[in-house]
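K.L.:
structure for this input, please:
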Amino acid sequence: MSELAGGGVKKVLYTLNTVRRIGVGRSAKALTANNTCKACGLGMGGQRGGMTNELDEFPSVCNKSVQAQSTDIQPAIPPEVFGHSLAELRELTPHELEHAGRLGNPLYKDAGAQHYREVCWDEAMARAADRLAAVDPGRAFFYASGRSSNEAGFLLQLLARCWGTNNVNNCSYYCHQATSVGLDSTVGTGTATVELTDLSGCDLVFLIGANPASNHPRFIHQLLACRQRGGMVIVINPAREPGLVRFAVPKSARSMIAGGSDIASHYLQPRIGSDIAVFKGIAKALLERDAIDRPFIERHCRDWPAFRADLEETSWAALLACCGLERKAIEVVADCYASANAAVFAWGMGMTHHRHGCDNVEYIANLALLRGMVGRRHAGLLPLRGHSNVQGIGTIGVKPVLATDVLERLESELGVKLPVGRGLDTMAGLEAAHAGAIDAAVVMGGNLYAATPDSAWASTALNRIPFKLFLTTTLNQGHLHGVDDGEVLVLPVTARDEEPQPTTQESMFNYVRLSDGGIRRLPNVRSEVAILADLGSRLLPDHPADFAAYGDHERIRQTISRTVPGMEELADIAVARREFHVSGRTLHRPVFRTSDGRARFRVRSLPPCTVPETYPLLLASVRSEGQFNSIIYEETDSYRYGAERRAVLLCPEDMQAMGLESGSLVDVYSRDGVMRRAIVRPFDLPPGNVLAYYPEANCLSARERDPRSQTPAFKSIPVRIEKAAERTRR
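P.N.:
Now for the predicted structure:
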């Protein structure tokens with residue numbers, strides 16, 4: 001494989017071509033308006049300008065931003081399309097569905113019918129309210145993606161709880177819930193401890209189990225800036241991602257002219273799922289060198305003796321056998337960390353998508369605590385979150401249990417009693433559906449079918465729900481799979497920059513932005529808030545919570561500001577136009593949000609380091625450069641040598657041992673499914689490890705998950721690979 005760099009001229013040209021396709025004028029209007037970016041949780045836009053971040057850096061825009069806009073700036077799907085049956089529509093690829101156009105009118109499908117038909121809003125809303133009114137609230141669940149606004153998310157969970165259920169969940173249970181649990185267990189907060197400005201003063205960034213070259217491109221600019229001021233970037237990832245080795249940053253003329261800049265100072269490639277062994281190795285090396293911050297540990301941490309004893313008792317042989325790395329490589333990284341003045345630890349779903357995802361996050365926090373790298377400026381913990389408002393959706397209560405103080409404030413604010421007890425998380429809701437215990441589901445955004453492991457099982461579970469209500473901008477596989485038997489309504493909603501009233505979003509840095517909305521593209525779409533307010537008025541006409549009044553976004557923000565700690569400044573954001581960091585989150589002093597203000601070291605065992613003989617390889621599902629979560633913008637991955645969507649990536653050593661070549665067709669088997677006629681492509685991976693693309697590889701994944709976070713193990717799937725049988729010609 002020849003050297004490949006991320007970014008560069010090809011991506012600039014791709015962006016320009018996308019802009020030309022959707023129209024320069026419309027693109028400029030969408031990208032420069034005062035609206036928050038619709039892509040990743042890094043965040044940009046809002047009141048500082050559409051292509052400006054909170055540091056006033058301009059242009060703060062990337063390929064993902066343009067891709068996200070490209071599908072919103074489409075005409076409506078022609079009505080003739082719905083003359084095709086579900087089976088025919090399912091033949092379209094996710095890429096083809098995403099580019100088929102926007103949903104322009106409500107769609108309805110009767111139970112057992114095989115066609116959607118367009119209906120008017122009055123019919124759609126009347127049906128939605130009637131069907132939900134006939135259901136026991138305890139036999140329903142509400143789900144939200146991370147692209148909805150804080151206002152819509154708050155109203156969704158409020159409607160669910162006032163109706164009588166805590167079965168409220170969101171997409172974080174399939175991504176960073178393990179982060180929230182692991183951080184809360186150690187430092188007492190579930191979100192980043194740093195602000196964006198802290199990255200400008202660090203001299204070391206650990207990038208662990210993440211590929212921001214594809215998923216958070218603007219973060220690469222921060223990594224390059226660290227290198228250019230003499231700092232280091234240490235990447236820990238089984239796959240040697242070209243975009244993390246070299247990246248041609250479009251904002252940097254020097255980087256573009258040079259054909260790319262070095263990103264990683266050091267690159268560790270442990271076996272999939274063995275990261276705790278790496279973290280223990282780094283910690284053990286620091287302890288042996290006495291390169292720890294003992295005063296910080298004594299003043300601000302608990303449980304250090306047990307953590308130290310575990311490091312001393314765990315042999316290097318056990319650690320190296322588990323992770324597959326050489327001791328010297330780990331010690332070099334430990335020495336880099338020992339010499340750093342301010343380190344930031346950033347990680348992605350390569351850490352959370354395991355049966356031990358919470359343990360992984362705890363050990364990242366352990367490493368930070370060892371040298372006092374949390375609780376001060378320019379150092380700390382940074383989960384790289386995906387959807388642009390997934391963190392905000394959790395902040396304002398779209399989750400199965402509300403904090404006691406939030407619940408009490410809501411009850412006082414509304415003059416009502418809300419249900420207590422934990423509701424169903426995302427996977428638990430689908431398991432209940434599979435068991436026939438769910439009669440209705442309200443799904444706001446996202447693609448719940450494609451996001452769920454074990455695709456065949458997911459389709460069956462969704463199909464057993466008698467009534468499903470979807471709110472969406474475009475059609476996706478989730479509106480076509482698992483819908484045959486039940487009654488379905490699909491309602492078209494405004495995109496963020498089309499909202500008729502301002503909305504707010506929260507970035508991974510706990511920074512809340514205000515989006516103006518106001519762009520008008522399609523005549524018959526409605527905001528999510530308007531739909532939920534209408535539904536609440538019909539479903540609960542005499543309830544103390546006046547849902548008709550909650551159609552006013554300002555009223556929603558006032559309620560949030562009075563009931564959700566840290567969001568007090570939301571009360572006047574639309575008037576003052578002053579964006580803010582959620583209070584109490586950033587840790588610039590070593591006072592942690594635990595019961596006694598001290599952080600905790602956590603001791604966990606090494607994960608199993610062997611795989612079954614019948615499934616000797618370990619597969620991780622990954623995203624490509626040309627996708628965002630389950631949304632597919634491109635059919636090939638330009639940052640992995642043009643790999644196809646149905647590719648399986650193997651190291652050349654394994655390919656040779658199996659008698660495979662690039663382009664060979666194989667069947668990939670797991671204990672739960674098979675992926676037929678996948679295309680083999682070589683990639684730099686440890687022997688015994690395999691990559692395949694999500695959601696195509698979901699047919700191989702199981703419902704096995706982290707017991708504490710309930711996050712599925714999308715990245716540690718035992719598989720075997722066999723050559724595909726030759727197809728006979730007729």
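K.L.:
where does the residue nearest to Pro400 when sequence neighbours are not counted land on pLDDT?
P.N.:
Using Cβ to Cβ, 6 or more residues apart in numbering and skipping the chain neighbours, the partner closest in space to Pro400 is Gly423 (3.7 Å). C-beta: built from backbone N, CA, C; applies to glycine. The score at Gly423 is 96. That number is its pLDDT.
K.L.:
now swap in Thr728 and tell me
P.N.:
Predicted confidence (pLDDT) for Thr728: 49.
K.L.:
kindly report the same for Glu3.
P.N.:
Per-residue pLDDT puts Glu3 at 64.
K.L.:
thinking again about what came up before, tally of neighbours for the residue nearest to Pro400?
P.N.:
22 (other Cβ atoms under 10 Å).
K.L.:
that one against Val168, yeah?
P.N.:
Yes - between Gly423 and Val168 there is a contact under Cβ atoms under 8 Å: 5.7 Å.
K.L.:
what touches both of these two?
P.N.:
Taking Cβ atoms under 8 Å, 6 or more residues apart in numbering as the contact rule, the neighbours common to Gly423 and Val168 are Phe141, Pro400.
K.L.:
related to what we said a few turns ago, in contact with the residue nearest to Pro400: list those residues for me.
P.N.:
By Cβ under 8 Å, 6+ apart, the neighbours of Gly423 are Phe141, Thr165, Asn166, Asn167, Val168, Asn169, Pro400, Val401.
K.L.:
quick one: it and Phe141, what's the gap?
P.N.:
Going from Gly423 to Phe141 by Cβ to Cβ, to the nearest Å gives 8 Å.
K.L.:
circling back to that earlier point, what strand or helix carries the residue nearest to Pro400?
P.N.:
According to DSSP states H and E, Gly423 maps onto no helix or strand at all.
K.L.:
what are the ranges of the helices in the stretch 1-150 of the chain?
P.N.:
Here the stretch 1-150 of the chain has its helices, by DSSP state H, counting those that start in this stretch, at 8-22, 24-32, 63-72, 86-89, 94-98, 121-133, 150-163.
K.L.:
could you tell me the least trusted of the ones you listed?
P.N.:
helix 8-22 (a mean of 58).
K.L.:
what's the residue nearest to Gly348 when sequence neighbours are not counted in contact with, if anything?
P.N.:
Excluding its sequence neighbours, the residue lying closest to Gly348 (Cβ to Cβ, 6+ apart) is Ala210, at 2.9 Å. By Cβ under 8 Å, 6+ apart, the contact set of Ala210 is His216, Asn237, Ala346, Trp347, Gly348, Met349, Gly350, Met351, Leu384.
K.L.:
Arg677 contacts Val648, correct?
P.N.:
No - applying Cβ under 8 Å as the test, Arg677 and Val648 come out as separate, 10.6 Å apart.
K.L.:
the two: which is more packed in?
P.N.:
Val648 (27 against 12).
K.L.:
the more buried one looks like it's in a strand, true?
P.N.:
Yes - counting by DSSP: H, G, I helix; E, B strand; the rest coil, one finds Val648 located in a strand.
K.L.:
picking that back up, which neighbours do Gly423 and Phe141 share?
P.N.:
Thr165, Asn167, Val168, Asn169.
K.L.:
would you mind listing which of these are buried?
P.N.:
Neighbour counting by 16 or more other Cβ atoms under 10 Å classes Thr165, Asn167, Val168, Asn169 among those as buried.
K.L.:
can you tell me which of those residues are in helices?
P.N.:
Among those, no residue falls in helices (DSSP state H).
K.L.:
from those residues, pick the one nearest Ile272.
P.N.:
Asn169 (27.2 Å; Cβ to Cβ).
K.L.:
find the nearest non-adjacent residue to the closest one, please.
P.N.:
Counting by Cβ to Cβ, 6+ apart, the residue nearest Asn169 is Thr426, at 4.4 Å.
K.L.:
what is the neighbour count of the one you found?
P.N.:
Around Thr426 there are 23 residues (other Cβ under 10 Å).
K.L.:
likewise Ala576?
P.N.:
12.
K.L.:
of all the shared contacts of Gly423 and Phe141, which comes closest to Arg555?
P.N.:
Nearest to Arg555 among the shared contacts of Gly423 and Phe141 is Val168, at 20.4 Å by Cβ to Cβ.
K.L.:
just the pLDDT at Ala321, thanks.
P.N.:
The model's pLDDT for Ala321 equals 97.
K.L.:
how close does it sit to Gly104?
P.N.:
Ala321 is 58 Å from Gly104, by Cβ to Cβ.
K.L.:
just want to know which of the two has more residues nearby.
P.N.:
Gly104 (19 against 14).
K.L.:
and the pLDDT for the more buried one?
P.N.:
Gly104 is given a pLDDT of 97.
K.L.:
how about Gly83?
P.N.:
95.
K.L.:
my read is that it contacts His115, right?
P.N.:
Yes - Gly83 lies in contact with His115 (Cβ under 8 Å); the separation is 7.3 Å.
K.L.:
these two - which one has more neighbours?
P.N.:
His115 (15 against 11).
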